[in-house]
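In: Kindly generate the corresponding structure for this input.
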Amino acid sequence: MTGASSNNQRSESADSNKKPRINLEGDKKTGEYKRHSSKHRHFINDGDQYPAEAGRYHLHVSLACPWACGTLAALFLKGLEDTITYSIVHPTWGKTKPEDDNDKHFGWMYYSPGDDPVPNPLGHGSNDCDDALIPFADVKSIRELYELSGDFQGPFTTPVLWDKKSSTIVNNESTEILLMLNGEFNAFAKHPEVDLYPQELEQELTKLNDTLVYPKVNNGVYRSGFARSQEAYNKAVAEVFDSLEVLEHRLSKQRFLSGDKFTWLDLRLFMTLVRFDPVYTTYFKTNLKRIDDYPNLLGYVRDIYSMEPIKKSINMKHIKTHYFTSHPHLNTFGIVPISDGPDLEIAHGREKLSM
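Out: Just a heads-up that it's a prediction; the model follows:
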């Protein structure tokens, strides 16, 4: 036992000395953006470690992050606010080890409403701590949360489904958190009838996600924005707009991606499209067209936004503030553009596609 403990301590010490990873890195030869895979992949009710219980789990989110925002929207859609607590980080990345001058990592930070404004990583700007922030008592950063769970390298991303009982990360892969929120807590949900994963559509949705929505749209905008060569950018941005044309045509004939039923894939696509005009057209250089130029995609975004639980998860101020203030190599002085994109409150008229 003593030897095992000593080995574990040496392993933890070695891990803590590794340079933290961030999800902005890419292929040095091609300049293509490569996203790190999520590595905390436990499941609720898969064995005895993480049973479904009310009050035990906590969801850490950024309202700016499309992946995290989607899980919060799902929590609201299912009516799980009284079962799973949640917290919301500040949109501007901060120094996660402020006491260590040699540690250069910046990431998601917790503050309370009314705290001092937060500058960007170079000290520019003044981004307020608004009433949308919900701190988490045990940590000051998402990095600190990961380290409590024994992960010293990261990337320290959101969303995180956290087990308050064992102080460990259950899962940090947004698609898997969505799946768990959809089905594993129905005994406690106010809306157990909401099913984002209808079994009869799953094969179709998975294929559409794996071949088009995720690689070429959800992640395609990131592949465009974080490309480090012209060739990598050209390839990524062409795939984004080719895919938007496919989706525009598909949504001209049906209300949602699979027909009349709103599903997890609609939620995932919406979270990218709602950020497209106010952020991605400028920040990620995906400016061939806007969502405002696609009548069916724009109506689709307005349709989904009109769902109250989803609207509740959208905070355009946090969305714009994060992107434009957290990556100084793309926007040195943290200037946030004025436009919020198209008016999402206008009637969408897409009900007729379900008749």
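
In: in the stretch 1-150 of the chain, which spans are strands?
Out: Using DSSP state E, counting those that start in this stretch, the strands of the stretch 1-150 of the chain run over 57-61, 85-88, 94-95, 106-107.

In: Select, out of those strands, the one closest to Y33.
Out: Proximity to Y33, assessed across those by C-beta to C-beta, is greatest for strand 106-107 (18.0 Å). Every C-beta, even on glycine, is put in place using the N, C-alpha and C of the backbone.

In: Please give the centre-to-centre distance between that closest one and its chain.
Out: Relative to the centre of its chain, strand 106-107 is centred 15 Å away, using C-alpha atoms, centre = their mean, to the nearest Å.

In: Which other helices and strands does it contact?
Out: Contacts defined by 3 or more C-beta pairs under 8 Å, 6 or more residues apart in numbering; DSSP states H and E place strand 106-107 against strand 94-95.

In: quick one: contacts of the strand it packs on?
Out: The contact list for strand 94-95 (C-beta atoms under 8 Å, 6 or more residues apart in numbering) reads D103, H105, F106, G107, M109, V118, P121, S141.

In: that older thread, can you lay out the strands of the stretch 1-150 of the chain as TSV showing mean neighbour count?
Out: Formatted as TSV, these follow (neighbours: other C-beta atoms under 10 Å):
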stretch	mean neighbour count
strand 57-61	24
strand 85-88	21
strand 94-95	19
strand 106-107	24
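
In: that older thread, which of the contacts of strand 94-95 sits closest to H249?
Out: G107 (39.2 Å).

In: if I pick D103, what's in contact with it?
Out: P20, K95, T96, K97.

In: Spatially nearest residue to the spatially most central residue of the chain (excluding sequence neighbours)?
Out: Central residue of the chain (C-alpha atoms, centre = their mean): W67, 2.3 Å from the mean position. Excluding its sequence neighbours, the residue lying closest to W67 (C-beta to C-beta, 6 or more residues apart in numbering) is S174, at 3.8 Å.

In: Ok, I22 next?
Out: P155 (5.6 Å).

In: What's the per-residue pLDDT of the one you found here?
Out: Looking at P155, its pLDDT reads 95.

In: max-length helix in this structure?
Out: helix 230-250 (DSSP state H).

In: ok so, going back, measure how buried the residue nearest to I22 is and give me the count.
Out: 22 (other C-beta atoms under 10 Å).

In: Now it: phi and psi?
Out: phi -60, psi 150 (degrees, to the nearest 10).

In: what sits against it?
Out: Taking C-beta under 8 Å, 6+ apart, one finds P20, R21, I22, N23, H36 in contact with P155.

In: Now a ChimeraX select for only the buried ones of those.
Out: ChimeraX command restricting the contacts of P155 to the buried ones, with burial defined by 16 or more other C-beta atoms under 10 Å:
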select :20,22
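
In: circling back to that earlier point, out of the strands of the stretch 1-150 of the chain, which comes closest to P113?
Out: With C-beta to C-beta as the yardstick, what comes closest out of these is strand 85-88 (10.2 Å).

In: Show the secondary-structure elements that the closest one is packed against.
Out: Applying 3+ C-beta pairs under 8 Å, 6+ apart, one finds that strand 85-88 contacts strand 57-61.

In: Restrict the strand it packs on to CA atoms and write it as PDB.
Out: Output in PDB follows, covering the C-alpha atoms of strand 57-61 (Å, rounded to 0.1, in the frame of the first residue of the first chain):
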ATOM      1  CA  TYR A  57     -24.700  16.800  -9.400                       C
ATOM      2  CA  HIS A  58     -23.700  20.200 -10.700                       C
ATOM      3  CA  LEU A  59     -23.300  21.600 -14.200                       C
ATOM      4  CA  HIS A  60     -20.600  24.100 -14.900                       C
ATOM      5  CA  VAL A  61     -21.200  26.200 -17.900                       C
END
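
In: Note down every partner strand of that strand and its orientation.
Out: strand 85-88 (parallel), strand 160-163 (antiparallel) (DSSP bridges).

In: before we move on, back to that, which of the contacts of strand 94-95 sit farthest apart?
Out: Farthest pair in the contacts of strand 94-95 (C-beta to C-beta) is D103 and V118. Separation: 18.0 Å.

In: Do I have it right that the residue nearest to the centre of the chain meets L178?
Out: No. W67 is beyond contact range of L178, at 9.3 Å (criterion: C-beta atoms under 8 Å).
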